[in-house]
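Novice: dropping the sequence and predicted coords here.
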Amino acid sequence: MGNGSGETAGTGTLVVPMGWLYAEYIAEELLRSGDLMPPDSFEFRAGRDALALTVYLADTEDELSGIRVITQLDTWLGLTAHDQPWQDWVAERLAEAAASRPGPRRRAELRLARAAWQWLHETELLAPDLDAVPGGAAVPEEERPKVWTAAWRLGLPLGHLAIHLF
């Protein structure tokens, strides 16, 4: 843990970023239950990180626990829908959270959330170009043209579909 990221609150007490870890757990379980891709793939990571950001940043009341998760599925579906400016929402929520002068636990969570966003934003994955083929779903995947796309552009629809399948 000696990476200088401030794992203690200055008192020698370990700061555990439970909000982020729980959001990541929820996202992973949603994706695993959907069985959309292998858990060791970059696509799975993209879906998990996009969903974890959605879950974490949508939790404005710090209530990621128990039955509350089930009541948030519709909210997460709305945020991850195709016609929503998800990437702008993420950037705004991260900025708002950082500006709120958070305590040590929240700062640790935000570091992890920002790292996930950076990976999603800067990493490109080779994916089928569904816009290039009329009726793209009818063409076998190996015959579809492929394009490099930001990981979040692939992970977000996977996360959305995983919520639907749950």
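Specialist: Arrived safely, thanks for sending. Residues are numbered from 1 along each chain as shown.
Novice: CA atoms for contacts and neighbours, from now on please.
Specialist: OK.
Novice: where does the prediction get shaky in the chain?
Specialist: 1-12, 62-68, 130-141 (pLDDT under 70).
Novice: what ranges do the strands span in it?
Specialist: 124-128, 146-150 (DSSP state E).
Novice: mind putting the ones you listed into JSON lines with mean neighbour count and distance to residue 98?
Specialist: JSON lines is the format used below for the strands of the chain (neighbours: other C-alpha atoms under 10 Å; distance: least, C-alpha to C-alpha, whole Å):
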{"stretch": "strand 124-128", "mean neighbour count": "18", "distance to residue 98": "26"}
{"stretch": "strand 146-150", "mean neighbour count": "15", "distance to residue 98": "24"}
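Novice: rebuild these as JSON lines, extending it with distance to residue 75.
Specialist: Below are the strands of the chain laid out as JSON lines (distance: least, C-alpha to C-alpha, whole Å):
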{"stretch": "strand 124-128", "distance to residue 75": "27"}
{"stretch": "strand 146-150", "distance to residue 75": "24"}
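Novice: and the contacts of stretch 15-31?
Specialist: 7-9, 44, 47-49, 51-53, 55-56, 62, 64, 104-106, 108-110, 112-113, 158-159, 162-163, 166 (C-alpha atoms under 8 Å, 6 or more residues apart in numbering).
Novice: CA atoms of it as CSV?
Specialist: Extracted C-alpha coordinates of stretch 15-31, given in CSV (Å, rounded to 0.1, in the frame of the first residue of the first chain):
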residue,chain,number,x,y,z
VAL,A,15,-9.1,4.6,5.1
VAL,A,16,-11.2,2.0,3.2
PRO,A,17,-13.0,3.4,0.1
MET,A,18,-16.1,1.3,0.7
GLY,A,19,-18.4,3.4,-1.5
TRP,A,20,-16.3,2.7,-4.6
LEU,A,21,-15.6,-0.9,-3.7
TYR,A,22,-19.3,-1.5,-3.2
ALA,A,23,-20.1,0.2,-6.5
GLU,A,24,-17.5,-2.0,-8.2
TYR,A,25,-18.9,-5.1,-6.6
ILE,A,26,-22.5,-4.2,-7.7
ALA,A,27,-21.3,-3.6,-11.3
GLU,A,28,-19.4,-6.8,-11.4
GLU,A,29,-22.3,-8.9,-10.2
LEU,A,30,-24.6,-7.3,-12.7
LEU,A,31,-22.2,-8.1,-15.5
